[in-house]
Structure formats: C-alpha cells, structure tokens
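Undergrad: here's my sequence, what's the structure:
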Amino acid sequence: MLRKKAISIMVLSALLMALLPVLSASAARIPLPPPAYGFYELVTGSGTLVVSAVGTASYPFPEAYVPASWSLYIQAPNGDILYHQNNGSYAVLHNLPQGTYKVTFQAGIYTYASHFTAAFQ
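TA: Numbering: from 1, shown residues only. As a prediction, the model looks like this:
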C-alpha cells in the first residue's frame, strides 16, 4: 500500500517537473499597434538569449509583388536597444542579466513571420 502511494507521488512529481519549464516559458505574441505590422514577445530570463526569425512575402495578387521586409529588435528591460537588424534572421546575446526583454518582429505590409522563436538557453 505504502509502496503504491510512494510510486504514484514520484510519478506525479516527475510529471510536474517536466511541465514546469514549458508552462513558465510560454510567451504571448502581442500585436504592434497600428500603423505598424508585426508583434513582440516579452522573454524573461538571464544568460544567453537566442532569437530566430524568418519573414515571408504574402501579397494579395501576383502583379503586386512586394519582397519580404522586416526588422528584428531586442530591447533591454530599461528600454535600451541591444540589437537591431533589417531582415535579421538570427541573434545571440550572451551574458544578459536577469530581466524581461522585449523582442520585436516589425514587418512590412505584405510580410508575415513564417518562423519566430525567442528563448533563453
């Protein structure tokens, strides 16, 4: 009886430990206010921040071809811009202190993020 109880407590503990990083690391994409296009995420942590982004053109009709264009920004908790690049697809920032960083994907009118991740490793 005691053995079954101990095993079930261990399994429940292992399950909670496995889910905790996923639940605490979730970030919501917050749309940029008009007239801007794109979104930002708030990422909390310290150490090495890795951001990966790919923009893809999505124009409404073929004769209006507009190439994909976007800007990638990373802001420190105090508002300083730590990184900015037009059509930036990969950024790694090392030795960041604990805080909440704002990672912005600002897109052109006919561009969307086909891939975007921002996380501390």
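Undergrad: okay, CA-based contacts and neighbour counts for the rest of this
TA: OK.
Undergrad: how about the contacts made by the closest residue to Thr104 other than its chain neighbours?
TA: Distances taken as C-alpha to C-alpha, 6 or more residues apart in numbering place Tyr40 nearest to Thr104, at 4.1 Å, with adjacent residues excluded. The contact partners of Tyr40, by C-alpha atoms under 8 Å, 6 or more residues apart in numbering, come to Arg29, Ile30, Pro31, Leu32, Lys102, Val103, Thr104, Phe105.
Undergrad: tell me the confidence at Ser24?
TA: At Ser24, the pLDDT value in this model is 45.
Undergrad: do Met1 as well
TA: At Met1 the predicted local confidence, pLDDT, stands at 65.
Undergrad: run me through the strand neighbours of the host helix or strand of Ile74, direction for each.
TA: Assigned by DSSP states H and E, Ile74 falls within strand 70-75. Taking DSSP bridges as the criterion, strand 70-75 forms sheet pairs with strand 81-86 (antiparallel), strand 90-107 (antiparallel).
Undergrad: what's the average pLDDT for the last one?
TA: Same thing as strand 90-107. On average, strand 90-107 scores 96.
Undergrad: mind listing residues that contact that strand?
TA: Residues from elsewhere that reach strand 90-107 (C-alpha under 8 Å, 6+ apart): 32, 36-53, 55, 69-77, 83, 113, 118.
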